[in-house]
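Engineer: model the following, please.
(chains A and B)
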Amino acid sequence: MEILLIVAGLANLVCFIWVLVKLFADKGPLHGILGIVCSIYTFFWGWVNVSEQNITPVMLVWTISIVAGMVAQTALV
Amino acid sequence: MALSRKVSTSLFQPIVTPILESRPLCLTLTGAALMQSALVAFNKPGWICPTREYLGCPCPGCGLTRAVAALFSGDLQTMMAYHALAPFFVIGFSFVVAAAVLPHHQRQRLITAVDWSERRSGIATIFLITLFCYWFVRLVIFNQAYFNLIF
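Structural biologist: The predicted structure follows:
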């Protein structure tokens, strides 16, 4: 479970940075900063603009990594 | 002159309005907030902040869910300890909830009003700057207490 948590975490972080870069490029620095503050905003902005930004695989990996992280954390608690 | 105009334009650029303009985004954010609140209320692991969890450093928004929960239960002291800016987030987020559920006409009026106030006051940018200053002070001055509280 710990390995799953580490892998999910790494994927989560990489996808977050990936989408954050897209958010900065598309919406400008203020929205990018908002995306850092509120990563949940970055996540849903990514899903809403998934076809426009062509980031379907990234968003799928991010979603799976979040669910996997939650499952692993629940199992470890 | 050109630089000051650029800075002024950036400062008064709307941040909340583009979010309100997308109803799907407002709906998903509202749903996510409800889900996160429910998970926190039942002591289940909710949304994992990538910055806090994997870089080991709390982000400027860390502690907000717990602060909002404390605010709604009337425990202002706990709210202040977790995140003093939580009430402003609640106000900002209430616009997102309203934009998700209001009928088209009222929704357009809300968006116009928020856009006008953002362009006139630069309130969202000022809030973001304040948020970063608040986070920086907590990180540098109250380092140990801040980390103990958030982790």
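Engineer: up against chain B, what does chain A have?
Structural biologist: A:9-10, A:12-13, A:16, A:27-31, A:33-34, A:36-41, A:43-45, A:47-48, A:66, A:69-70, A:73-74, A:77 (C-beta under 8 Å from any C-beta of the partner chain). Just so you know, the C-beta spots here come from the backbone N, C-alpha and C atoms, and that holds for glycine as well.
Engineer: spatially central residue in chain A, please.
Structural biologist: Centroid-nearest residue in chain A, with C-alpha atoms, centre = their mean: residue A:16, separated by 3.7 Å.
Engineer: and the helix or strand harbouring that one, how far out from the chain middle?
Structural biologist: Per DSSP states H and E, residue A:16 falls inside helix A:2-27. Here the centre of helix A:2-27 is set off from its chain's centre by 4 Å, with C-alpha atoms, centre = their mean, to the nearest Å.
Engineer: next secondary structure element downstream of it?
Structural biologist: helix A:29-37.
Engineer: what average pLDDT does the helix holding residue A:16 get?
Structural biologist: In this model, helix A:2-27 carries a mean pLDDT of 91.
Engineer: residue B:65 - nearest residue in space that isn't next to it in sequence?
Structural biologist: Using C-beta to C-beta, 6 or more residues apart in numbering or on different chains and skipping the chain neighbours, the partner closest in space to residue B:65 is residue B:40 (5.1 Å).
Engineer: for stretch B:15-33, measure first residue to last.
Structural biologist: Using C-alpha to C-alpha, to the nearest Å, the end-to-end distance of stretch B:15-33 comes to 19 Å.
Engineer: does that stretch come close to chain A?
Structural biologist: Yes - using C-beta under 8 Å from any C-beta, stretch B:15-33 reaches chain A at B:15, B:18-19, B:22, B:24-25, B:28-29, B:32.
Engineer: how much space between the residue nearest to residue B:65 and residue B:120?
Structural biologist: The spacing between residue B:40 and residue B:120, counted by C-beta to C-beta, to the nearest Å, is 35 Å.
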